[in-house]
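1. Kindly generate the corresponding structure for this input.
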Amino acid sequence: MLVNSKLSTNTWKQIPFPSRDVVIIQLETSGGQCTVVNIYNDNTHDETVDALERFLNDNIQELRPAEGDHMLWLGDFNRHHPLWDEDRNSHLFTAAALEASGELLELVADYSMVQILPKDVPTLQSSSTRNWTRPDNIFCTEHTSGYLVSCNMAPEKRGPKTDHLPILTILEMSTTASDESPSWNYCSVDWEKFRSSLKDSLTELAGPPRVLETADEFQLMARKLDEALCRTVESKVPKTHPHPHKKRWWMEDLTKLANKLKQLHKTAHRY
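-> Residues are numbered from 1 along each chain as shown. Next comes the predicted model:
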């Protein structure tokens, strides 16, 4: 589970959970506390769901201190049910599968959670049969759905050689950003204009080139050179805010290629 570095570390914390298959973070937002529970549930047993039920029973006051606070359960639940899978996948709705899904649904009902990823939205393509199914899901507290802007899978962001699709969920809540000052974007500099401006600044501050005969002259010219460089950087180098993913090697050509790849992903998924 990754948290954007642009979020202030004062506005979120991790809540320890007694299993490596669950990660919980809690954020301070404009809509109250929002607890995000990231879950991986094995398809052969219900140990994770059982552990989640026990943890919720013992810690619900910490996870949701006030009635207006929010909870989201999301991840790979590895469960199939007519409430979210496509009807054509009825071969997956075996008695054992429905019984396993029933335990999850009981927990969802106990805590007044609702499903916000719409039914019939597939999230996984089988590597062998190429069939689309829905093992992943997202549930939230009932009143949280009022903050929902969108929730859908994003085929254009599917990673190479992966079978799951990313799910993008947008909630209309704000939180405090970390303080990061803008930096100089030297990749976008027009170096011809930079050199011309620097030459003019050096001529104005230091005059024509000449031999420096004393240490004092040398120190004076060093200060003027530094001032000329600062002036030129201020006037010719644009500023940029730190990239949230810290891709210092990223460039505009890669952005164009990434957008082209997303369009190809969308087209491939459509057909």
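2. Dump the one helix or strand residue 261 maps to to CSV, restricted to CA.
-> Assigned by DSSP states H and E, residue 261 belongs to helix 252-270. C-alpha atoms of helix 252-270 as CSV (Å, rounded to 0.1, in the frame of the first residue of the first chain):
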residue,chain,number,x,y,z
GLU,A,252,7.8,15.0,-22.1
ASP,A,253,8.4,12.4,-24.8
LEU,A,254,7.6,9.7,-22.2
THR,A,255,4.4,11.4,-21.3
LYS,A,256,3.3,11.3,-25.0
LEU,A,257,4.2,7.6,-25.2
ALA,A,258,2.4,6.8,-22.0
ASN,A,259,-0.8,8.5,-23.2
LYS,A,260,-0.6,6.6,-26.5
LEU,A,261,-0.2,3.3,-24.5
LYS,A,262,-3.3,4.2,-22.5
GLN,A,263,-5.3,4.7,-25.6
LEU,A,264,-4.2,1.3,-27.0
HIS,A,265,-5.2,-0.3,-23.7
LYS,A,266,-8.6,1.2,-23.9
THR,A,267,-9.1,0.1,-27.5
ALA,A,268,-7.9,-3.4,-26.7
HIS,A,269,-10.2,-3.7,-23.7
ARG,A,270,-13.2,-2.4,-25.8
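3. May I see the buried residues of it?
-> For helix 252-270, the neighbour count (16 or more other CB atoms under 10 Å) marks 265, 269 as buried. Just so you know, the C-beta spots here come from the backbone N, C-alpha and C atoms, and that holds for glycine as well.
4. Identify all contacting residues around that helix.
-> 155, 156, 157, 158 (CB atoms under 8 Å, 6 or more residues apart in numbering).
5. Tell me where the stretch 51-200 of the chain has strands.
-> 70-76, 113-115, 124-125, 132-133, 136-141, 148-153, 167-171, 183-184 (DSSP state E, counting those that start in this stretch).
6. Make TSV from these and add distance to residue 103 to it.
-> Formatted as TSV, the strands of the stretch 51-200 of the chain follow (distance: least, CB to CB, whole Å):
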stretch	distance to residue 103
strand 70-76	14
strand 113-115	14
strand 124-125	21
strand 132-133	19
strand 136-141	14
strand 148-153	24
strand 167-171	22
strand 183-184	51
